[in-house]
Structure formats: C-alpha cells, structure tokens
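test case, fold it:
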Amino acid sequence: MAGLIAIPVLTAALLLAQAPTRLYVEPFDGALHDQLVEQLKKDSRVAVVDSAADAQMLVAGSGQTWIKGYLSANPRVRYRNSDAQPVYTGYLSVELKDKRRQTVWSWLATPGRFDPHDINRNLAERVAPRLVAAVAAHSTDGAGSALSSRGGAALTAAGATFPYPLYQKWFDSFGADIRYSAVGSSAGIEALRKGAVDFAASDMPLSDELLASMPFKVRHVPTAIGGVVPIYNVAGLAQDLRFTPEALAGIFLGRIHRWDDPVLKTANPRAALPAREITAVHRADGSGTTFIWTGYLSAVSDAWKSGPGHGLTVQWPVGNSAQGNEGVAELVRKTPDSIGYVEYIYALQNQLNYGSVRNRAGRFVQASLETLTAAAASMPGDVRAPIVNAPGANAYPIASFTYLLIPERPADTPQRKMLDEFLRWMLTSGQKECAALGYASLPAAVAHKAMQ
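Prediction:
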C-alpha cells in the first residue's frame, strides 16, 4: 500500500518540476514586443501571462528598427526607385528580472542574416532562445534582497562618456545618490587629482608615471568591456561597409580622400561607393574613446604610431571635431559622406550605420556582445593592458576595458563605505545589466581579482 501511495506523490512532484515558468513581458515597442511574445510562446518551458501579478519572472525590453538603405532588382541602380526594396537594421535589448525587479540576466541582439522584411522576427528569434535558457538557469522564487533607495551619503564622480549609459543605469539600479558628470576621461582624471570628486571614470588606464604623479594612491577597478565602431554616412548604400586597418589609418591620416579609393573598393566589391570626398570626424575633447581608437590605429599602422600616436588627445592630420560621443554621432549623422568613431551603443541609439573591421585573424567582424566577449578572452594578466587587435577568429579588434579610478582614502567615512558597497554590487549583480546596453560583462577572473 505504501508503494501505491508514493506513485501519485511522485507524479505530482514531476508535474510541478516540469511546469513552465510564468513570464510577463512588459510593454515596449509594439512590433518587437509582439514578435518576442510570439517566439516565447513556441517554447513549452515558459508561459507568457497577461499580468505581472501572475508572473514568476518579468521581461523588460527596448529596441528600434530603421531603414539603412535600399536594394534594387536592377544592380545598376544605386538609389531608391520604383522597384527598390528597403533593407532594415536595428536592435532588441531585453532584461530578465525576478519578482523583486532585480536584473538576473540581460542581452542585446543585432540582426543576423535574414529576410530584410522580417527584421522584427529575426531579432526576436535571436533573443528568445537565450532568454528561455536564462530563465532555466535562474531561480524563480524571488530570493534575494531588493534594492531600495539608499539614503545617507552622496557621491560625486566624473569622467568617461564611453560607459556613461551603463553607469547611469547602475547608479539608478543601486539606488544611491551618485552624481556623475560625463565630461571625458581626461577631465575626470584631472577632477580626481584635484580632489573635486569621490572617484573618476576613465577608458585609459593610468600609466605607472601618471599613477606616481597623483597626490594619493589610485586603484583601477575594471567595470565592463565596450567597443568603438567606425560610423559613416554614405547615401545609397544598403550593405554594411567593411574596413581594413589600412583603410581606417589611411582615412584618418588624410591619405585616402575619396570613397571610391581602391583600398575601400577592394574590401567592398559589391558596394556602389561614390566618387566623393570623405569627411573625417574625431573627438575635440580628451577622450577615452579616442584613446581606444588611436590605440587600435597605433597597433595596426606604423605610420600612425610614429605620427599622431596614441592618447586621450592627438594632433589629428585631417577632419572636423565634435564634443563627446554624442557630438561625433550627431555630426556624422548630419554630414554627408562622413566617417567617425563612437562607442558601439551610440551608433545603435543614433541609428547610424557602423562597419565591420578586419581583425587580426583576417576576418571582417562587426561589434556585438559575442565579438566583444571574444576580444576579452585574450585578456592578459594585467587589467591595464590593452585588448585592441586581439587574436581570435571572432574577436572584434577595437575593444577595451573601461575603469573606475578609486583613491585610497580613510575607510570609515560615510562616502567611502557607500563607495565600497557600490563597487561590490557593481562587480556582482551589476554585471548582469551590462549586456542590455551593449557592453560585455567582465570575465569572472577579472571581476574576482577586482573584488580582492
């Protein structure tokens, strides 16, 4: 009899274990939302519900799609005509949250190879399997402490614009009063030197000489991995352009003047490149984004290394300047036949075309979470060492860690205790928010070393 009783109990336990996880997908852009819900409904491991109150986990999303050009049935026709078909691009960002609205996983997808008319479905198909796998990997019981508004000490910081979207999200999620000014790495380092801020942010690691010149000891805390992309504004192109190291160095050295230059045409045999002058755009301020960009150019071009060189600011041979990532993105958007460089997420947010870059393995690779993570896989022992032009077939070559610069000061002040608490959160829970904004999270070994 005891055996007979055990059977239904065991069956009930198995049914409970196999019950789908109830997900509520919060409203966002209509077409992307609907396609994501449709794809999730195809997987029996999750059940999409109509109310957050009925859900075990929540999905927050954002994204946008836009036309990047037109393809004609007639290959001799370059611009839009009656038979041209639009080619779309865009992105879909998602966060998986527990019942306490803590982010446990996030991702950002850009299109793969797809029918240009079905970009919303394509993006949803790329996200949904990862999202379901993340649901399966995390507890749905709502365990863990909720982040609430933290009163008390206020912190001030200044520096890099490169990670600003991520830092702003972190400060909001952490719930403390942290006031950050995105003034560029150079200005942030100077503010730290003068004691005007509690900590600084920089995409440039400080050299041994610069560290020795600071009035106090400074520690580098890596926060995330981002990429810098070549953005361009060339009318009539539906294909994403491909850039060799020789092309990028040549353009910014002023040696390649026109879009139909043989160096560009060889890399882009199917693109109808115009016989027009190229306008190069670069940063006007001392910038970690410039540090990464010129670090890459110095790594791949002897002429650049021995000329303008590598730094937060350089003497640009040609081009127009703009303030901040936002300024460069806006100037390229407004200037026909221009090319510039910005952080990956700025290219997406400003609906700008960004090209693939030939990496050290000889492959043309676009920036994405996958290719930025691949670049970090070659990380050397010193977190201050660059990871531009990294080895690996799938590595995006213009990638870098970004850092918080933390002064060693008395540990018993309210500001220092708050800063330590934020750093511990950032290196653990905060890393789960990186991907939604297009940054790769730190490798586990790097985060562990920073925690020590």
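
just give the number of residues close to the residue lying closest to residue 308 once chain neighbours are set aside.
Sequence neighbours aside, residue 314 is the residue nearest to residue 308 in space, at 4.2 Å (criterion: Cβ to Cβ, 6 or more residues apart in numbering). For the C-beta atoms, the positions are set from N, CA and C on the backbone; glycine is no exception. Neighbour count of residue 314, defined by other Cβ atoms under 10 Å: 20.

where does residue 314 land in three-state SS?
Put simply, residue 314 is coil when judged by DSSP: H, G, I helix; E, B strand; the rest coil.

how much space separates it from residue 39?
46 Å (Cβ to Cβ, to the nearest Å).

tell me where the model's unsure across this protein.
Counting by pLDDT under 70, the ranges of the chain that qualify are 1-17, 72-83, 113-117, 139-152, 379-381.

ok, now with 80
Scanning the chain with the threshold set as pLDDT under 80 gives 1-18, 69-85, 112-117, 139-152, 378-386, 410-412.

for residue 410, what are phi and psi?
Backbone torsions for residue 410, taken as degrees, to the nearest 10, come to phi -50, psi 140.

and the contacts of the longest helix seen in the chain?
If you go by DSSP state H, the chain has its longest helix at helix 119-137. Here helix 119-137 makes contact (Cβ atoms under 8 Å, 6 or more residues apart in numbering) with 21, 23, 31-32, 34-36, 38-40, 42-43, 45-46, 57, 59, 63, 65, 88-92, 94, 96, 104-105, 107, 109-112, 114-115.

before we move on, back to that, any idea how far residue 305 is from the residue nearest to residue 308?
11 Å.

does the nearest residue to residue 184 once chain neighbours are set aside sit in a helix, a strand or a coil?
Closest residue to residue 184 apart from its sequence neighbours, by Cβ to Cβ, 6+ apart: residue 285 at 4.5 Å. What three-state DSSP gives for residue 285 is coil.

quick one: residue 285 and residue 323 touch, right?
Yes. Using Cβ atoms under 8 Å as the test, residue 285 is close enough to residue 323 to be in contact (5.5 Å).

these two: which has the busier surroundings?
The neighbour count for residue 285 versus residue 323, taken as other Cβ under 10 Å, is higher for residue 285 (19 against 16).

ok, the more buried one - contacts?
With Cβ under 8 Å, 6+ apart, residue 285 has these contacts: 183, 184, 186, 187, 313, 323, 324.

from those residues, which land in helices?
186, 187, 324.

show me the strands in the stretch 301-450 of the chain, by range?
Here the stretch 301-450 of the chain has its strands, by DSSP state E, counting those that start in this stretch, at 320-322, 338-343, 353-354, 356-358, 364-365, 399-407.

list the strands paired with the longest one, with their directions.
Okay, so that is strand 399-407. strand 199-202 (antiparallel), strand 218-233 (antiparallel) (DSSP bridges).

and what of the first one?
For strand 320-322, sheet partners with direction are given as strand 279-283 (parallel), following DSSP bridges.

quick one: the partner strand to chain centroid distance?
The chain centre lies 21 Å from the centre of strand 279-283; the measure is Cα atoms, centre = their mean, to the nearest Å.

which element follows it toward the C-terminus?
Once strand 279-283 ends, the next helix or strand along the chain (criterion: DSSP states H and E) is helix 288-300.

could you list every helix and strand in contact with that following helix?
If you count contacts as 3 or more Cβ pairs under 8 Å, 6 or more residues apart in numbering; DSSP states H and E, helix 288-300 packs onto strand 218-233, helix 245-253, strand 279-283, helix 302-306, strand 338-343, strand 399-407.

mind doing that once more with 7 Å?
When contacts are defined as 3 or more Cβ pairs under 7 Å, 6 or more residues apart in numbering; DSSP states H and E, helix 288-300 sits against strand 218-233, helix 245-253, strand 279-283, helix 302-306, strand 338-343.

what angle do helix 245-253 and the last one make with each other?
By that I understand strand 338-343. Going by axes from the mean of the first three to the mean of the last three Cα atoms, to 10 degrees, strand 338-343 is angled at 110 degrees with respect to helix 245-253.

for PyMOL, write the selection for the buried entries among the ones in helices among the contacts of residue 285.
To isolate the buried members of these in PyMOL, using 16 or more other Cβ atoms under 10 Å:
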select buried, resi 186+187+324
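
pick the one among the ones in helices among the contacts of residue 285 closest to residue 202.
Among the ones in helices among the contacts of residue 285, residue 186 lies closest to residue 202 (Cβ to Cβ), at 8.3 Å.

circling back to that earlier point, and the longest helix of the chain, how far out from the chain middle?
Distance of helix 119-137 from its chain centroid, counting by Cα atoms, centre = their mean, is 18 Å.

over to stretch 294-308?
That offset, for stretch 294-308, works out to 24 Å (Cα atoms, centre = their mean).

can you list the buried residues in it?
Neighbour-count burial for stretch 294-308 [16+ other Cβ under 10 Å]: 294, 295, 296, 297, 298, 299, 300, 301, 304, 305, 308.

my guess is the second one contacts residue 310. True?
Yes. Under the criterion of Cβ atoms under 7 Å, residue 295 lies in contact with residue 310, with a separation of 5.0 Å.

how about the contacts made by the closest residue in space to residue 275 that isn't next to it in sequence?
Using Cβ to Cβ, 6+ apart and skipping residues adjacent in sequence, the residue nearest residue 275 is residue 260, 4.7 Å away. By Cβ atoms under 7 Å, 6 or more residues apart in numbering, the contact list for residue 260 reads 273, 274, 275.

so the last one, which of the three states?
Put simply, residue 275 is coil when judged by three-state DSSP.

what about it, neighbour count?
If we define neighbours as other Cβ under 10 Å, then residue 275 has 8 of them.
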